[in-house]
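> fold the following and give me the result.
(one chain, ligands or ions: 2)
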Amino acid sequence: MEKLVSNWFNDQALPQSYIFPPETRPGNHTIPGCSTIPVVDLSKASGLDRTGIVQQILKASREFGFFQRTRPASTPRIRNDLAGFKQVVQTMKRKRLGLSSGFFGDKLSESVLLSVNHYPPCPDPSLTLGVSRHCDPNLLTILHQGDVSGLQVYRDGEWIGVEPLHNAFVVNIGHQLQIISNNKLKSAEHRAVTNSEVARTTAAFFIYPSDDCIIEPVKSLIDTDESPAYRAFRFKEFQLNYVSRIGNPEESLEPFKLHV
Ligand SMILES: O=C(O)CCC(=O)C(=O)O
Ligand SMILES: [Fe+2]
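Residues are numbered from 1 along each chain as shown. Ligands and ions are numbered 1, 2, ... in the order given. Model prediction:
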């Protein structure tokens with residue numbers, strides 16, 4: 001696939017239809033890979049270290065909405081990695097989030113979508129984006145970046161690069177986990193930039209609720225001095241609203257917010 005898709009441009013100029021409006025173009029400034037995105041080593045997700053790992057994941061999910069998780073194996077395998085991640089989620093449920101067992105099972109994580117993105121080398125990366133800014137609408141996304149950088153997260157008013165790490169998956173919190181956690185975990189805006197040198201291929205594993213799943217802040221995650229920040233809704237309603245508002249996270253959340 002890489003050969004087929006990557007050779008189309010042959011030094012031609014970027015087609016007009018790919019050029020973004022000036023205010024959304026990434027521009028010429030280089031954004032280096034940033035080492036502040038937390039990295040969690042899932043090989044420690046068993047035994048005594050597990051509580052420490054859970055704390056790291058929760059801290060990263062609160063502060064960044066993103067983290068990277070590594071395994072020592074030479075080839076990353078989503079299935080093995082998911083098993084390790086499931087263990088961590090189980091522990092998060094029991095020890096930290098106070099959620100009942102089976103909470104993430106069934107309807108909340110019923111659908112899984114694997115999307116492979118291929119970004120050919122681009123004649124002028126300053127004028128366009130591989131994926132424009134957005135928050136993921138689902139529960140949780142697990143992304144394999146390969147070894148070519150391109151993913152950027154918006155934090156404190158600036159874009160920071162998520163360094164591709166060998167043998168690591170990037171995990172990011174989707175809108176639904178932000179809502180369920182009553183804003184305790186954060187869904188971070190991100191985008192993918194292109195480069196003029198090499199093609200980039202990523203694989204995103206999106207975990208989605210079923211269309212009829214009822215989403216609302218979980219009581220055990222609402223502090224005693226807090227009110228629920230969102231009303232209950234069916235996931236399908238969120239999806240319908242999201243497609244017309246991609247690129248504006250606040251507008252995607254607005255119809256579901258409770259203003260007290
Ligand atoms: O390919 C990437 O680096 C990011 C893709 C992404 O954010 C998405 O598909 O939602
Ligand atoms: Fe995304």
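> who in the stretch 51-200 of the chain is up against ligand 1?
115, 117, 131, 136, 143, 145, 150-151, 190, 192 (CB under 6 Å from any ligand atom). Yep, even glycine has a C-beta here, placed from its N, CA and C like the rest.
> which of these lies closest to Y230?
D136 (16.9 Å; CB to CB).
> against P209, how distant is the residue lying closest to the closest one once chain neighbours are set aside?
With sequence-adjacent residues excluded and distances taken as CB to CB, 6 or more residues apart in numbering, D136 is closest to G174, at 4.2 Å. Per CB to CB, to the nearest Å, G174 is found 10 Å from P209.
> cool, and V198?
To P209, V198 is 36 Å away according to CB to CB.
> more crowded one of those two?
Each of V198 and P209 has its neighbours counted (other CB atoms under 10 Å); P209 has more, 25 against 12.
> that one: what's it in contact with?
107-111, 138-139, 176, 215, 235 (CB atoms under 8 Å, 6 or more residues apart in numbering).
> next step: the residues you listed restricted to strands.
With DSSP state E as the criterion, strands contain 111, 215 from among the contacts of P209.
> please pick the buried ones from the contacts of P209.
Buried members of the contacts of P209, scored by 16 or more other CB atoms under 10 Å, are 108-110, 138-139, 176, 215, 235.
> turn these into JSON lines, columns for pLDDT.
Below are these laid out as JSON lines (pLDDT from 0 to 100):
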{"residue": "L108", "pLDDT": "87"}
{"residue": "S109", "pLDDT": "86"}
{"residue": "E110", "pLDDT": "87"}
{"residue": "N138", "pLDDT": "96"}
{"residue": "L139", "pLDDT": "93"}
{"residue": "Q176", "pLDDT": "95"}
{"residue": "I215", "pLDDT": "96"}
{"residue": "F235", "pLDDT": "97"}
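> am I right that V131 is in contact with A192?
Yes: V131 lies in contact with A192 (CB atoms under 8 Å); the separation is 4.1 Å.
> more neighbours, those two?
Between V131 and A192, counted using other CB under 10 Å, the more crowded position is A192 (22 against 17).
> let's see the pLDDT reported for that one.
Looking at A192, its pLDDT stands at 97.
> D41 too?
76.
> the one 3 residues further on too?
What the model reports for K44 is a pLDDT of 65.
> any idea how far apart the tips of stretch 219-235 sit?
Across stretch 219-235, the terminal residues are separated by 18 Å (CA to CA, to the nearest Å).
> flag every buried residue along that stretch.
Applying 16+ other CB under 10 Å to stretch 219-235 flags 221, 228-230, 233, 235 as buried.
> hang on, the earlier thing: which residues are common contacts for G174 and P209?
138-139.
> how about the strands in this structure?
Under DSSP E, the chain gives strands at 33-34, 39-41, 66-70, 111-119, 131-134, 140-144, 151-155, 158-162, 168-173, 190-192, 200-208, 214-215, 233-234.
> that concludes my questions; thank you for your assistance.
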